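Student: Next come a sequence and a model predicted from it.
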Amino acid sequence: MELTEVDHVGIAVRDLEAAIAWHREAFGTEVAHREVVERDGVEEALLAVAGSFVQLLTPTREDSPVARFLERHGEGLHHVGYRVADCASALAAALAAGAQPVDEVPRPGSRGTTVAFLHPRSCFGTLIELVQE
Ligand code: CO
């Protein structure tokens, strides 16, 4: 068993401030962490929910994958982060089970995590991110 928790649910939004404000009004959530991840061309805001997060994501540049996602699909569920104890071993197990990697090897994610993405076409239409804290 590689998974220890649902780490976060990533939601792509056009207006990060509006999405943060709406979640605060609707659910009383506060931003636990905020970060611009240059490599991925995104700015994220993490709303803590018990031991997990709702991750609001918005693109910081036109050519970011999240910008392309918004163009194609509009706002909405973008990916699910599965928390794992060991990203490399969880990635190897998923690849052995037929998952196709977006990241061939684990790489740095936000808030100091180590992550690897699995392609949605190999994961029942869902972009899965393996997240090691
Ligand atoms: Co994520």
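Tutor: Arrived safely.
Student: Going by C-alpha atoms from here, please, whenever you check contacts or count neighbours.
Tutor: Fine.
Student: excluding its backbone neighbours, what's nearest residue 42?
Tutor: residue 59 (4.4 Å; C-alpha to C-alpha, 6 or more residues apart in numbering).
Student: In contact with that neighbour: list those residues for me.
Tutor: Residue 59 makes contacts with 14, 41, 42, 43, 65, 66, 67, as judged by C-alpha atoms under 8 Å, 6 or more residues apart in numbering.
Student: neighbours of the fourth one, just the number please.
Tutor: By the measure other C-alpha atoms under 10 Å, the count of residues near residue 43 is 20.
Student: just checking, it touches residue 58?
Tutor: Yes: with contacts counted by C-alpha atoms under 8 Å, residue 43 reaches residue 58, the gap being 5.4 Å.
Student: for this protein, what spans make up the strands?
Tutor: 3-12, 31-37, 42-49, 52-59, 76-84, 107-108, 114-118, 128-132 (DSSP state E).
Student: what helices or strands is the lengthiest helix in the chain leaning on?
Tutor: Longest helix in the chain by number of residues (criterion: DSSP state H): helix 16-27. Where contact means 3 or more C-alpha pairs under 8 Å, 6 or more residues apart in numbering; DSSP states H and E, helix 16-27 is packed against strand 42-49, strand 52-59.
Student: tell me how far that helix is from the chain's mean position?
Tutor: Counting by C-alpha atoms, centre = their mean, to the nearest Å, helix 16-27 is centred 18 Å from the centre of its parent chain.
Student: That one to strand 52-59, inter-axis angle?
Tutor: Counting by axes from the mean of the first three to the mean of the last three C-alpha atoms, to 10 degrees, helix 16-27 lies at 150 degrees to strand 52-59.
Student: Extract the CA atoms of helix 16-27 and return them as CSV.
Tutor: Extracted in CSV, the C-alpha atoms of helix 16-27 (Å, rounded to 0.1, in the frame of the first residue of the first chain):
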residue,chain,number,x,y,z
LEU,A,16,-7.2,33.0,-7.8
GLU,A,17,-8.3,35.9,-5.5
ALA,A,18,-11.9,35.4,-6.4
ALA,A,19,-11.7,31.7,-5.8
ILE,A,20,-10.0,32.2,-2.4
ALA,A,21,-12.6,34.8,-1.4
TRP,A,22,-15.5,32.5,-2.5
HIS,A,23,-14.1,29.5,-0.6
ARG,A,24,-13.7,31.7,2.5
GLU,A,25,-17.3,33.0,2.2
ALA,A,26,-18.8,29.6,1.4
PHE,A,27,-16.7,27.3,3.6
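Student: Right, I'll call it a day here.
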